[in-house]
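Chemist: structure of the sequence below:
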Amino acid sequence: MKQSISFLILVTFLFISCGQKQKEVAKAKMPAKTPLKSIKTTEEITKDQEDYKAELVVDGIDVPWGMTWLPDGSMLVTDRSGELYHVKDGQKTSVKNVPEVFARNQGGLLDVMIHPNYETNGWIYITYSIVDKKEKGSHTALIRAKLVDNALTSIEKLYQGSPNVKTAHHFGSRIAFDKDGYVYFTIGDRGKRDVNPQDITKDGGKVYRLHDDGRIPTDNPFVGQKDAKEAIFSYGHRNPQGMAVNPRTGQIWVHEHGPRGGDEINPVKKAVNYGWPVITYGINYSGTTITDEKARDGMEQPLYYWVPSIAPSGMAFVTSDKYPDLKGHLLVGSLKFQYLELLTLTQDEKVAKREKLLEGIGRVRSVRQGPDGYIYVGVDSEGVFRMVSSTAKKKPVKKVEKTETAETTETTEKVETTTKKATTEKSTFTQLASVDKKEVEVSLKKGKAVYNNVCAQCHLPSGKGVPSAFPPLAGSDWLKDKTVESIRSIKYGLKGEILVNGKKYNGVMLPLGLTDKQIADVMNYTSNSWGNTTENFYTAKEINAVKKK
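Modeler: Numbers count the residues shown, from 1 in each chain. Alright, predicted model coming up:
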């Protein structure tokens, strides 16, 4: 997506500074390459997805960020809220003695992976956003621990990012072991794109490599360099939320959760600078330019990039004979479009075509192949599913309209203009008093999880919003008196000027990409939180009935 409009002078200065810093710290220069071209857009992606279906393994996990398997076939699954679950025969049990996590917005308990020699050493590796009471802010940490009597023991901190950052997003963070036993993990740029990714003296926007006990390999690229973070293996990354080992080459691959456009796949190379934010195929969520540069000498081009963004999370190469048509190819989860994407690879590791699998399953957070050969998919607000062959045709799934997204909401569908002149619509909803108390409790719990995962970044966990930027939901006349318009804004987006509690707000809210059930739950939660009250109980059927104007 070529952009030619100049950005602000201040930001230009910062980018120039980034480029100068990169020239100072890089030990290896990569030759300039011709920018790649996105071979297919989401609109053109193959839609013949009748061969596979999702089979529920375990439910009740709000954000199943990571998963791994123990030798007995049971699973460990992280919930970003801070829970680590031991899952066996579809039943989950909370593991005790999990470290306190910074469970806010994109932060929390993140990835989990057992050591390749787990049966002999018993080590489990976990990344999470760490609470550091000595210094304000947070960062990503890597620990290892052992599981004894359903509790973590022998906990060792192997790495902690620094300096702390006060933002609550772009933590990374995936874990992988290569064939030589090194452990790799990622840390996102922590929302400090003009500071961290191009500076090897700061953590963030990097891929790291360690010995399995946390020691820094002597052949890491920046060992011995003054003030450098010697665990760094590559840099110039944005927010790698997918990592996997290519079974044909043994190379670590990551994908970058990009800005608006510009999600990337990058095979990781030692000492290489992947360019963020000096070069990118994306733009800001607001539509403004990040940089005019798509390529620069000394900065690596992506193997592949998506336009529009799919908001990728989770990644796995298929090596199982259970999927003969998929074997040797790559799977990536899409938070934004709510499907599992298959990228067919050529023998020279290029992307030949794309297909949708499990379309409409929900916001795919994690993807891994289990030791039983099945593909497992973690879905936000749902749980973990197993992908199996489908013997019957799937029911048609409602088409999701194409658009771009802000990562903090990772959304779908097209933005619709709504102004303060919009008239209040009347509609009859189920009365709260007529609904079973247990059903209400379940909906409120799920709605809270959706809100914290999708909405809190802008409207804050307290629902107070941000003055002059994001309207409040606590004590909001818009939520109370314009119920249908509130639902419509979540489903289809909002653009233009609106009036909330007598104050004007003018901006863009992208559609949230939620299912009708999720919208019903979040409406129930917000309408009954922070002092808000309502007589309504919203259901998926009623949400489905709310259409675009």
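
Chemist: now stretch 437-453: how far from the chain's centre is it?
Modeler: 21 Å (C-alpha atoms, centre = their mean, to the nearest Å).

Chemist: buried ones in that stretch, by neighbour count?
Modeler: For stretch 437-453, the neighbour count (16 or more other C-beta atoms under 10 Å) marks 443-444, 446-453 as buried. To be clear about C-beta, it is placed using only N, CA and C from the backbone, and glycine gets the same treatment.

Chemist: for stretch 499-507, same thing?
Modeler: Buried residues in stretch 499-507 (16+ other C-beta under 10 Å): 499-500, 505.

Chemist: just stretch 269-283 next, same as before
Modeler: 269, 271-283.

Chemist: hey, what's the spatially most central residue of the chain bridged with?
Modeler: Nearest to the geometric centre of the chain sits residue 313, at 4.7 Å (C-alpha atoms, centre = their mean). Judged by DSSP bridges, the bridge partners of residue 313 are residue 333.

Chemist: can you check residue 176 too?
Modeler: Applying DSSP bridges, one finds that residue 176 bridges with residue 184.

Chemist: pLDDT score for the residue nearest to the centre of the chain?
Modeler: Looking at residue 313, its pLDDT reads 96.

Chemist: let me have the buried residues of stretch 499-507 in CSV, adding pLDDT and distance to residue 297 as columns.
Modeler: Formatted as CSV, those follow (pLDDT from 0 to 100; distance: C-beta to C-beta, whole Å):
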residue, pLDDT, distance to residue 297
499, 87, 51
500, 87, 49
505, 79, 44
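
Chemist: just the ones in helices from the buried residues of stretch 437-453, please.
Modeler: 443-444, 446-450 (DSSP state H).

Chemist: and which of these is nearest residue 335?
Modeler: residue 450 (12.9 Å; C-beta to C-beta).

Chemist: distance of the closest one relative to residue 483?
Modeler: Distance, residue 450 to residue 483, by C-beta to C-beta, to the nearest Å: 18 Å.

Chemist: and the pLDDT for residue 509?
Modeler: 71.

Chemist: so what's it up against?
Modeler: 458, 489, 493-495 (C-beta atoms under 8 Å, 6 or more residues apart in numbering).

Chemist: repeat for residue 500
Modeler: Residue 500 neighbours (C-beta under 8 Å, 6+ apart): 471-472, 476-478.

Chemist: again, but for residue 210
Modeler: 142, 158-159, 182-183, 185, 216-217, 231.

Chemist: in stretch 246-265, what's buried?
Modeler: Under 16+ other C-beta under 10 Å, the buried positions of stretch 246-265 are 252-265.

Chemist: so which of those residues sit within strands?
Modeler: 252-256, 263-265 (DSSP state E).

Chemist: re earlier: do I have it right that the residue nearest to the centre of the chain meets residue 362?
Modeler: No: counting by C-beta atoms under 8 Å, residue 313 stays clear of residue 362, with 11.9 Å between them.

Chemist: now name the helix or strand holding residue 366.
Modeler: strand 364-369 (DSSP states H and E).

Chemist: what strands flank that strand, and is each parallel or antiparallel?
Modeler: By DSSP bridges, strand 364-369 pairs with strand 375-379 (antiparallel).

Chemist: where does the stretch 351-500 of the chain have low pLDDT?
Modeler: Within the stretch 351-500 of the chain, the stretches with pLDDT under 70 are 391-427, 457, 468-469.

Chemist: could you pull out the helices for it?
Modeler: Counting by DSSP state H, counting those that start in this stretch, one finds helices in the stretch 351-500 of the chain at the ranges 437-450, 456-459, 477-481, 483-492.

Chemist: can you tell which of those is closest to residue 222?
Modeler: helix 456-459 (32.9 Å).

Chemist: residues making contact with that closest one?
Modeler: Against helix 456-459 from outside (C-beta under 8 Å, 6+ apart): 104-106, 168-169, 408-409, 465-466, 469-473, 509.

Chemist: and stretch 114-127, by the same measure?
Modeler: With C-beta under 8 Å, 6+ apart as the criterion, stretch 114-127 contacts 66, 68-71, 76, 78, 84, 109-113, 140-147, 152, 158, 171-175, 177, 181, 183, 185, 212.

Chemist: how about stretch 159-178 as PDB, C-alpha atoms only?
Modeler: C-alpha atoms of stretch 159-178 as PDB (Å, rounded to 0.1, in the frame of the first residue of the first chain):
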ATOM      1  CA  TYR A 159      15.200 -13.200  31.300                       C
ATOM      2  CA  GLN A 160      13.400 -10.000  32.000                       C
ATOM      3  CA  GLY A 161      13.000  -7.100  29.500                       C
ATOM      4  CA  SER A 162      14.200  -3.700  30.500                       C
ATOM      5  CA  PRO A 163      13.700  -0.800  31.000                       C
ATOM      6  CA  ASN A 164      10.100  -1.100  32.000                       C
ATOM      7  CA  VAL A 165       7.400   0.500  29.900                       C
ATOM      8  CA  LYS A 166       4.200   2.000  31.100                       C
ATOM      9  CA  THR A 167       2.200   0.900  28.100                       C
ATOM     10  CA  ALA A 168       0.000  -2.300  28.300                       C
ATOM     11  CA  HIS A 169       0.500  -3.700  24.800                       C
ATOM     12  CA  HIS A 170       3.000  -5.300  22.400                       C
ATOM     13  CA  PHE A 171       4.500  -7.800  24.800                       C
ATOM     14  CA  GLY A 172       5.200 -10.400  22.100                       C
ATOM     15  CA  SER A 173       5.600 -13.300  23.000                       C
ATOM     16  CA  ARG A 174       6.200 -16.800  21.700                       C
ATOM     17  CA  ILE A 175       8.600 -19.500  22.600                       C
ATOM     18  CA  ALA A 176      10.400 -22.100  20.400                       C
ATOM     19  CA  PHE A 177      13.300 -24.500  20.700                       C
ATOM     20  CA  ASP A 178      15.600 -25.100  17.700                       C
END
